[in-house]
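**Q** A structural model of the following input is requested.
(one chain, ligands or ions: 2)
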Amino acid sequence: MNVFPVEKLGLLSAVLFSSAAVQAASGDSIPPKPNVLFIYADDLGYGDVECYARTSECTPNIAALCENGVRFTNAYSVASTSTPSRYSLLTGEYAWRRSGTDVAAGNAATIIEPGQLTVADIFKEAGYVTAAFGKWHLGLGAVTGGQDWNGELSPSPADLGFDHHYIMAATGDRVPCVFIEDGKVAGHDASAPVEVSYVRNFDGEPTGKDNPELLYNLKSSHGHDMSIVNGIGRIGYMRGGGKALWKDENIADSITARAVEFIRSHSDERFFIYFAANDVHVPRFPHERFRGRSGMGLRGDAIVQFDWSVGSLVEALRECGILENTLIILTSDNGPVTDDGYADDADKLLGTHRPAGGLRGGKYSAFDGGARVPFVVMWPGVTERGAVCGNLVSQVDFLPSMAALAGVEVGDRSLIDGSNYLSSWMGKEGPVRPYVITQAANHTLSLRTAAWKYIEPRGGAPIVPWGPNIETGYSLVPQLYDMNIEGEKENVAGHYPEKVRELERLLQVEKDKRR
Ligand code: NG6
Ligand code: CA
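**A** Numbering: from 1, shown residues only. Ligands and ions are numbered 1, 2, ... in the order given. All right, here's what the predicted structure looks like:
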């Protein structure tokens, strides 16, 4: 197994800090055009990795990134769910400006229109070879439900700047349960054509609802009672797939192996890899070799599996001799959830571990547990080793910051919300984002400055109503939290009415832009 253990840091540091990299470290400038490996975890919480919380000690490879790079303590995904976070990350536009950017079905049409600038376009323009691996969740094809899963899927990431892709259409818990490689079902089995519907079941096919006895790998706790694939109930209906159907226990291996292969075969070119893990989204069904490793059941073991993927990618870079010239960014698309629809006992087995660390709320919520995420940046010789940085960071700045890195002029080709905060992302001197805007599952917006967080008033259940036991942070009254006190404990809006008005106005200005 490829690992990148903490004990090897001495050796690794020697490798990292040889030659030209040292020179770069002594100056303040940021050298142009490294390879970029962007690693996106799914539903990984602020407290889920050991460099952020000592209650988790099963992520040595991520810890090694932290020890050799910069760990950010105030970094945010744009939303507390996947599709809007990913949309904003790849395009630089707030998802809440666009309808149709909420959690997408597995047969959703493309959510990013070809022609809209993406970060992959930026890298291509700079001469990079680009690839996407893993979870996509941004739609495929031109018409929702109109895809021919047995033919060519277009638009696909190929139309959005990615030279190569090996992806899951949506999520692990949504059909179709097949990988898509370069616009086609990978390993398509002509004897078992793929059919997909989010409206009705296919004649004669069992469902989790009617045939719970067939859920031999994982039982559902809420929802996830439509088609059954690999003994696991899913969202949506599918038929066929045959040999192309994924096995959940092999997903991390499949996408990691493809990404490692890509690194090896492009080690003499500049590349951008968007590696979007399936871990630790439900259904959590890690490979047998990770079972029992965390002591926290399947969710913890999926974190160990994610850490293994990270170690494998870093190891591949090192083996190819290109680690020194690679910028690695690791983060998550939203905060953590324990019970997200499968009976994997994630809650019961946590022990003292707190997936969101000391943050309030989790996935789906307006509280910080929803979108404040681990964010680690390592670029040997450029980022300071073991640094901890409290700068506000938003993933909406990825596109313009990477454009600056790659030397590409964005100009007015994109109506983007993000700005270039490259130096801040590297933990260096320079402009720092003054505030971050995040979007909860019901579109409640929050605005966080260094000292304060304002949550706009909007109705909604105080606890996620469909199953996960998570505080949403929704309220009909404005909320203001002092961010110097952990956990958004006390709404102090009544004590600071002017601060509330100021942040409310700031948010309104953003909302009014380009309407
Ligand atoms: C919810 C699913 C949840 C998860 C989420 C999307 C049910 C009951 N719950 O609707 O399991 O799939 O959508 O998660 O269906 S995300 O991380 O991709 O946004
Ligand atoms: Ca997610």
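**Q** if I pick the closest residue to ligand 2 within the stretch 51-200 of the chain, what's in contact with it?
**A** Residue of the stretch 51-200 of the chain nearest ligand 2, by CB to the ion: Ser82 (3.7 Å). No exception for glycine: its C-beta is placed from N, CA and C like everyone else's. Residues near Ser82 by CB atoms under 8 Å, 6 or more residues apart in numbering: 42, 103, 135, 137, 171, 281, 333-334.
**Q** same for ligand 2: which of these are within range?
**A** For ligand 2, the contacts drawn from those by CB under 5 Å from the ion are 42, 333-334.
**Q** buried set for the longest helix belonging to the chain?
**A** Taking DSSP state H as the criterion, the chain has its longest helix at helix 297-319. Neighbour-count burial for helix 297-319, with 16 or more other CB atoms under 10 Å as criterion, is recorded at 297-318.
**Q** can you check stretch 134-149 too?
**A** 134-141, 144, 147, 149.
**Q** now for the residues you listed, which pair is the farthest apart?
**A** Gly134 and Thr144 (22.1 Å; CB to CB).
**Q** follow-up on the earlier one: narrow the contacts of Ser82 to those in strands?
**A** Lys135 (DSSP state E).
**Q** Using neighbour counts, trim the contacts of Ser82 to the buried set.
**A** Taking 16+ other CB under 10 Å as the criterion, what is buried in these is 42, 103, 135, 137, 171, 281, 333-334.
**Q** which SS class is the residue in the stretch 101-250 of the chain positioned nearest to ligand 1?
**A** Relative to ligand 1, the nearest point of the stretch 101-250 of the chain is Gly223 (2.7 Å; CB to the nearest ligand atom). Secondary structure, DSSP: H, G, I helix; E, B strand; the rest coil: Gly223 is coil.
**Q** Measure how buried it is and give me the count.
**A** Residues within reach of Gly223, counting by other CB atoms under 10 Å, total 17.
**Q** same thing with Arg97?
**A** The local packing of Arg97 (other CB under 10 Å) involves 16 other residues.
**Q** ok, it touching Asp512?
**A** No: using CB atoms under 8 Å as the test, Arg97 is too far from Asp512 to be in contact (11.0 Å).
**Q** what about Arg71, distance to Ile62?
**A** Distance of Arg71 to Ile62, computed by CB to CB, to the nearest Å: 10 Å.
**Q** Show me what from the stretch 51-200 of the chain comes close to ligand 1.
**A** Proximity of the stretch 51-200 of the chain to ligand 1 (CB under 6 Å from any ligand atom) is limited to residues 81-82, 103, 137, 171, 173.
**Q** possible to save those as a markdown table with distance to Glu195?
**A** As requested, these are exported to a markdown table (distance: CB to CB, whole Å):
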| residue | distance to Glu195 |
| --- | --- |
| Thr81 | 27 |
| Ser82 | 25 |
| Val103 | 22 |
| His137 | 21 |
| Thr171 | 19 |
| Asp173 | 19 |
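**Q** Now flag whichever of those residues is closest to Lys363.
**A** Minimum distance to Lys363 across these is 6.9 Å, recorded for Thr81 (CB to CB).
**Q** Enumerate every residue touching that closest one.
**A** Applying CB under 8 Å, 6+ apart, we find Thr81 in contact with 102-103, 333-334, 363-364, 441.
**Q** ditto for Glu261
**A** No contacts exist for Glu261 under CB under 8 Å, 6+ apart.
**Q** same deal with Val337?
**A** Contacts of Val337 by CB under 8 Å, 6+ apart are 43, 355, 362-364, 468, 470.
**Q** how about 6 Å then?
**A** Going by CB atoms under 6 Å, 6 or more residues apart in numbering, Val337 touches 43, 362-363, 468.
**Q** and what of Arg239?
**A** 195, 202, 205.
**Q** For stretch 329-349, buried residues please.
**A** For stretch 329-349, by 16+ other CB under 10 Å, it's 329-342, 344, 346, 349.
**Q** and it, does that touch ligand 1?
**A** Yes: shown here: stretch 329-349 in contact with ligand 1 (CB under 6 Å from any ligand atom) through 334, 340-341.
**Q** And the residue of the stretch 1-150 of the chain that's closest to ligand 1?
**A** Ser82 (3.2 Å).
**Q** Asn68 is in contact with Val377, correct?
**A** No: using CB atoms under 6 Å, Val377 makes no contact with Asn68, being 10.3 Å away.
**Q** coming back round to it: more neighbours: Arg71 and Ile62, which one.
**A** Ile62 (29 against 25).
**Q** packing partners for the strand or helix carrying that one?
**A** Using DSSP states H and E, Ile62 falls within helix 60-68. If you count contacts as 3 or more CB pairs under 6 Å, 6 or more residues apart in numbering; DSSP states H and E, helix 60-68 packs onto helix 297-319, strand 375-378.
**Q** Run the angle between the longest one and helix 60-68 for me.
**A** Interaxial angle, helix 297-319 versus helix 60-68 (axes from the mean of the first three to the mean of the last three CA atoms, to 10 degrees): 50 degrees.
**Q** can you dump the C-alpha coordinates of helix 297-319 into CSV?
**A** Provided in CSV are the C-alpha atoms of helix 297-319 (Å, rounded to 0.1, in the frame of the first residue of the first chain):
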residue,chain,number,x,y,z
GLY,A,297,-17.0,2.2,11.8
LEU,A,298,-17.6,2.7,8.1
ARG,A,299,-17.5,6.5,8.2
GLY,A,300,-14.2,6.6,10.0
ASP,A,301,-12.9,3.9,7.7
ALA,A,302,-13.9,5.9,4.7
ILE,A,303,-11.8,8.8,6.1
VAL,A,304,-8.8,6.3,6.3
GLN,A,305,-9.5,5.3,2.7
PHE,A,306,-9.6,9.0,1.6
ASP,A,307,-6.3,9.5,3.4
TRP,A,308,-4.9,6.5,1.5
SER,A,309,-5.9,8.1,-1.8
VAL,A,310,-4.2,11.3,-0.8
GLY,A,311,-1.0,9.3,0.1
SER,A,312,-1.1,7.4,-3.2
LEU,A,313,-1.3,10.6,-5.3
VAL,A,314,1.5,12.3,-3.4
GLU,A,315,3.6,9.1,-3.7
ALA,A,316,3.0,9.0,-7.5
LEU,A,317,4.2,12.6,-7.7
ARG,A,318,7.3,11.9,-5.7
GLU,A,319,8.1,8.7,-7.7
